[in-house]
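Novice: Any chance you could fold what I've pasted below:
(one chain, ligands or ions: 1)
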Amino acid sequence: MKPEVISTPEAMRARSAAWRKNGERIGFVPTMGYLHEGHLSLIREARRHSTRCVVSIYVNPTQFAPGEDLDKYPRDFERDLQLCAEEGVQAVFFPDDTMMYPEGYQTYVYNASLSGLLCGQSRPTHFKGVTTIVAKLFNIVQPDVAVFGQKDAQQALIIRNMVRDLHFPIEIIVAPIVRESDGLAMSSRNRYLTAEQRRQALALYQSIRQTETEWQNGRRDIAGLTRNIRTHIEAHPACRVDYIAFVDARTLQPATESSREILLALAVYVGSTRLIDNTLLTR
Ligand code: PAF
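Specialist: The predicted model follows:
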């Protein structure tokens, strides 16, 4: 069955309120559309933890800086709707900019400590846009549980902290990265890559795998591991490293002896497309 398409905050809240009154548990997956297998895995996870599933499709302008890919961000609403139907989604929240940011809009939510790190270095306004829209979506959809992808590890951590700090009564689940058969992490932005860039983009996954193997073998010299990753990636002429970071998975500060879980996070420009990937390493 096609999901119900809801385009106003009032109608969405009313739908959620009616469900809740009937004792339903509401699962939520916020997306920017152009759904791929990664999104579908989040939807399946949300459905495992709920009795009603809402997907939002909204390309949020406040998380794009001027000159980024807002205008060319891929969109295909009919296909997304079909995929949501196949996955058993009951409602798709599909607002437009005038609903989400009406004239006179002036309130933002941001994380004062994590937003400027890692991806925040080259995208200083990005996470403020993300936390603002996700807080708004949480208030509109009022889910019991929301699912985010580990691919955007920094985003997931920032959302977890927002939920804790602002007392949202929502369980946050972070689902594993979904990869193409050759290892490339799924992303709507992969479609910007030429065939040659797509081939070279594998350098991210290859260096992550190599580092995981060395880590499992007991290697812990982060400076040396970082150098090896840079050398491998820079051997691919289409690739330019934005950052290679070994950070504490809870604080995103440089990993130390006491970091229990270390996030190895990469951001690499492949041509003009900025791709990210990561893995968790445990001591
Ligand atoms: O991960 C995304 O697609 C977006 O950042 C999100 C969470 C839907 C907010 O616009």
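Novice: alpha carbons only for contacts and neighbour counts from here, please
Specialist: OK.
Novice: so how many other residues sit close to whichever residue of the chain sits closest to the ligand?
Specialist: Residue of the chain nearest the ligand, by CA to the nearest ligand atom: residue 31 (3.6 Å). Counted with other CA atoms under 10 Å, the neighbours of residue 31 add up to 18.
Novice: Touching, it and residue 57? I think so.
Specialist: Yes - if you go by CA atoms under 8 Å, residue 31 and residue 57 touch, sitting 5.2 Å apart.
Novice: element containing the closest residue to residue 49 other than its chain neighbours?
Specialist: Closest residue to residue 49 apart from its sequence neighbours, by CA to CA, 6 or more residues apart in numbering: residue 27 at 6.8 Å. Element membership for residue 27 (DSSP states H and E) is strand 26-31.
Novice: Which helix or which strand is home to residue 277?
Specialist: Applying DSSP H and E, one finds residue 277 within strand 273-282.
Novice: mind listing what that strand pairs with, with the direction of each?
Specialist: Sheet pairing of strand 273-282 (DSSP bridges) gives strand 261-270 (antiparallel).
Novice: And the contacts of the strand it pairs with?
Specialist: Strand 261-270 is contacted from outside by 119, 193, 197, 200-201, 204, 208, 238-250, 252, 255, 274-283, using CA atoms under 8 Å, 6 or more residues apart in numbering.
Novice: same thing but 7 Å
Specialist: 197, 201, 238-249, 255, 274-283 (CA atoms under 7 Å, 6 or more residues apart in numbering).
Novice: can you check stretch 128-136 too?
Specialist: Against stretch 128-136 from outside (CA under 7 Å, 6+ apart): 62-63, 108-110, 159.
Novice: That stretch close to the ligand?
Specialist: Yes - judged by CA under 6 Å from any ligand atom, stretch 128-136 comes into contact with the ligand through 130, 134.
Novice: same question, stretch 188-200
Specialist: No - for a cut-off given as CA under 6 Å from any ligand atom, stretch 188-200 has no contacts with the ligand; the smallest distance is 9.0 Å.
Novice: Same check on stretch 57-67?
Specialist: Yes - Stretch 57-67 lies within reach of the ligand by CA under 6 Å from any ligand atom, at residue 60.
Novice: Dump the C-alpha coordinates for that stretch into PDB.
Specialist: Listed next in PDB are the C-alpha coordinates belonging to stretch 57-67 (Å, rounded to 0.1, in the frame of the first residue of the first chain):
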ATOM      1  CA  ILE A  57      11.800  13.500   2.800                       C
ATOM      2  CA  TYR A  58      13.100  17.100   2.900                       C
ATOM      3  CA  VAL A  59      16.300  18.500   1.400                       C
ATOM      4  CA  ASN A  60      17.000  20.900   4.200                       C
ATOM      5  CA  PRO A  61      18.500  24.100   2.900                       C
ATOM      6  CA  THR A  62      20.000  25.300   6.200                       C
ATOM      7  CA  GLN A  63      22.500  22.400   6.300                       C
ATOM      8  CA  PHE A  64      24.000  23.400   2.900                       C
ATOM      9  CA  ALA A  65      26.400  26.400   2.700                       C
ATOM     10  CA  PRO A  66      26.300  28.700  -0.300                       C
ATOM     11  CA  GLY A  67      28.100  27.100  -3.200                       C
END
